[in-house]
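In: A predicted structure for the sequence below; I have some questions about it.
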Amino acid sequence: MDFARMKTKKLSVVSLRRPPALLLVCMAIIATALPESTQAQEWRIEPIVRFGVEYDDNATLRFRTDEEVELAGFLLDLRANFIYSSDTTSFFIEPRALLRNYPDEPDFDSDDYFLRSQFRYGGQVNTIGYRAFFDRQGIRTAERLFSDLEIDDPDEIPDDDSGRVFLTGTRDSWRVEPYWDFRLSDISSIGARFGYLNVQYEDVFAGLLSDFTDMRLTLNYRRKISNVNTALFELTARTYDTAADDIDTNGYGILAGFVHNLSEKTTLQAMFGVEDARKSGFSSDPQAVGYIRLTRNLETIRMFVQYRRSISGSGAGNLSGRDSLNMNFERRLNEKISAGLGVRAYKSSGIGGNTSIDDRNYVQLQSSFRWYLSRSSVIEVDYRYTVNDRSDAIGVRANSNQVNLWFIYQPRTTPRL
């Protein structure tokens with residue numbers, strides 16, 4: 001299936017740079033769709049205010065020690081969760097602003113904006129929904145993958161960073177993923193999912209990062225084998241279009257796997273297959289893709305571990321093969337204290353085995369401690385150690401240590417652990 005005709009290289013970015021307007025549109029649509037009698041009963045609003053101080057001994061991941069930039073400053077993180085739920089419908093939208101201020105290095109100050117939304121409607125045989133994400137960030141943080149203990153859905157883990165971290169410039173990222181599932185019987189179903197990612201850069205030197213669009217269509221079939229086992233099959237088609245050249249990259253893949261419920265709280269899922277992604281007029285070998293994932297959610301423990309092999313696009317201008325390991329672990333130690341550990345590690349290499357500047361090893365380790373002063377007031381300490389290793393490609397390696405201290409006020413949010 002070739003849907004490269006759907007590319008939108010000339011896409012206007014006016015709407016991408018107005019998250020407040022997008023929020024108002026989404027809220028107006030959902031509000032008018034709901035009966036008046038349910039609006040007051042089933043809506044919930046959860047404001048969250050986070051004030052923090054930050055220190056990073058190599059904020060731009062420079063490999064030369066005489067070029068390292070130490071940043072110390074203040075962070076203000078404002079967000080609000082708007083949540084609607086009923087027997088058949090769930091809706092979530094979260095606007096967020098993250099303001100960074102560094103008194104000694106004002107050139108690194110930034111105002112970052114985010115918008116996250118999900119919708120799901122489940123009928124007797126049909127389920128429809130979407131996930132949508134908008135990010136407007138400075139290049140220094142947007143192109144640097146961060147471990148995030150708040151991510152619950154593995155598909156929300158980004159894999160489009162280039163590792164190219166600069167002082168200036170901004171990145172606008174818009175991702176939309178509508179989906180549809182149809183239940184054929186009590187044991188089988190089919191579905192479709194479309195992923196659209198558009199990324200555009202401002203104030204970046206020409207040739208360093210390029211605007212791109214990455215679209216993927218996935219058709220799936222699920223069949224329940226037993227009370228604990230479900231078989232999965234997927235067909236995928238994708239197109240990657242970058243401003244770096246006028247040549248489209250198209251890909252097709254097939255995967256098969258299973259879901260196994262080890263217990264009511266523990267699930268193992270795996271998918272394995274191949275994807276053939278190549279530029280028009282060029283040849284390359286099909287690449288192995290897939291993942292194996294373990295999730296476990298108990299009253300005092302949350303754990304997620306995933307190894308994934310994927311074909312990823314980024315502003316570097318090409319698709320690359322990526323082997324990634326992601327882990328989140330959180331435990332409530334007692335009524336007042338919880339601790340967490342996050343790992344993001346990946347090896348990225350050019351498709352076809354050719355060494356390029358995009359080849360790199362990236363590792364980030366995060367540890368986090370939370371002290372609940374009350375149900376709504378929290379003190380959090382985070383430490384991140386990051387390594388960006390390009391020694392195989394251009395012989396450079398950088399690392400940084402980052403410490404954050406947060407004071408959190410969340411009057412209507414129920415602690416997850």
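Out: Nice, I can see it. Here the structure is a predicted model, which is why all the values come from computation and not from measurement. Numbering: from 1, shown residues only.

In: C-alpha only now, for contacts and for neighbours.
Out: Noted.

In: At which residues are the strands of the stretch 1-150 of the chain located?
Out: 43-56, 71-85, 89-101, 110-122, 126-138 (DSSP state E, counting those that start in this stretch).

In: Quick check: which of those strands is nearest to residue 147?
Out: strand 43-56 (15.4 Å; CA to CA).

In: Sheet-wise, list the partners of the closest one with their directions.
Out: strand 71-85 (antiparallel), strand 397-409 (antiparallel) (DSSP bridges).

In: Figure out which of those strands is closest to residue 169.
Out: strand 71-85 (17.6 Å).

In: Using CSV, write out every CA atom in that closest one.
Out: Only the C-alpha atoms of strand 71-85 are listed here, as CSV (Å, rounded to 0.1, in the frame of the first residue of the first chain):
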residue,chain,number,x,y,z
LEU,A,71,23.0,25.5,34.2
ALA,A,72,21.4,26.4,37.5
GLY,A,73,18.0,27.9,37.5
PHE,A,74,14.3,27.8,38.3
LEU,A,75,11.4,25.8,36.7
LEU,A,76,7.7,26.4,36.9
ASP,A,77,5.5,23.6,35.6
LEU,A,78,1.8,24.4,35.3
ARG,A,79,-0.7,21.8,34.0
ALA,A,80,-4.4,20.9,34.4
ASN,A,81,-6.0,17.6,33.6
PHE,A,82,-9.6,17.8,32.2
ILE,A,83,-11.1,14.3,32.5
TYR,A,84,-14.5,13.0,31.4
SER,A,85,-15.6,9.4,32.0
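
In: That strand - what's its average pLDDT?
Out: Average pLDDT, strand 71-85: 97.

In: Quickly list what residue 371 is bridged to.
Out: residue 337, residue 379.

In: Using TSV, lay out the strands of the stretch 1-150 of the chain together with mean neighbour count.
Out: Below are those laid out as TSV (neighbours: other CA atoms under 10 Å):
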stretch	mean neighbour count
strand 43-56	17
strand 71-85	19
strand 89-101	18
strand 110-122	18
strand 126-138	20
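
In: For those, give me CSV that also has distance to residue 253.
Out: Output for the strands of the stretch 1-150 of the chain, formatted as CSV (distance: least, CA to CA, whole Å):
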stretch, distance to residue 253
strand 43-56, 40
strand 71-85, 36
strand 89-101, 31
strand 110-122, 27
strand 126-138, 23
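
In: So which of these is nearest residue 174?
Out: strand 126-138 (4.7 Å).

In: Report the rounded mean pLDDT for the closest one.
Out: Mean predicted confidence for strand 126-138 is 96.

In: mind checking how far the closest residue to residue 338 other than its chain neighbours is from residue 43?
Out: Spatial nearest neighbour of residue 338, chain neighbours left out: residue 332 (4.1 Å); criterion: CA to CA, 6 or more residues apart in numbering. Distance of residue 332 to residue 43, given as CA to CA, to the nearest Å: 29 Å.

In: go on, residue 263?
Out: Counting by CA to CA, the gap from residue 263 to residue 43 is 32 Å.

In: do the same with residue 363
Out: Residue 363 is 40 Å from residue 43, by CA to CA.

In: quick one: the host helix or strand of residue 197 to chain centroid distance?
Out: Take DSSP states H and E as the rule and residue 197 turns out to sit in strand 188-202. Remark: strand 188-202 is offset 13 Å from the chain centroid, using CA atoms, centre = their mean, to the nearest Å.

In: next helix or strand past that strand?
Out: According to DSSP H and E, the helix or strand after strand 188-202 is strand 212-224.

In: Who are the packing partners of that next one?
Out: Here strand 212-224 touches strand 188-202, strand 229-242, going by 3 or more CA pairs under 8 Å, 6 or more residues apart in numbering; DSSP states H and E.

In: and if we set it to 10 Å?
Out: strand 170-183, strand 188-202, strand 229-242, strand 249-261 (3 or more CA pairs under 10 Å, 6 or more residues apart in numbering; DSSP states H and E).
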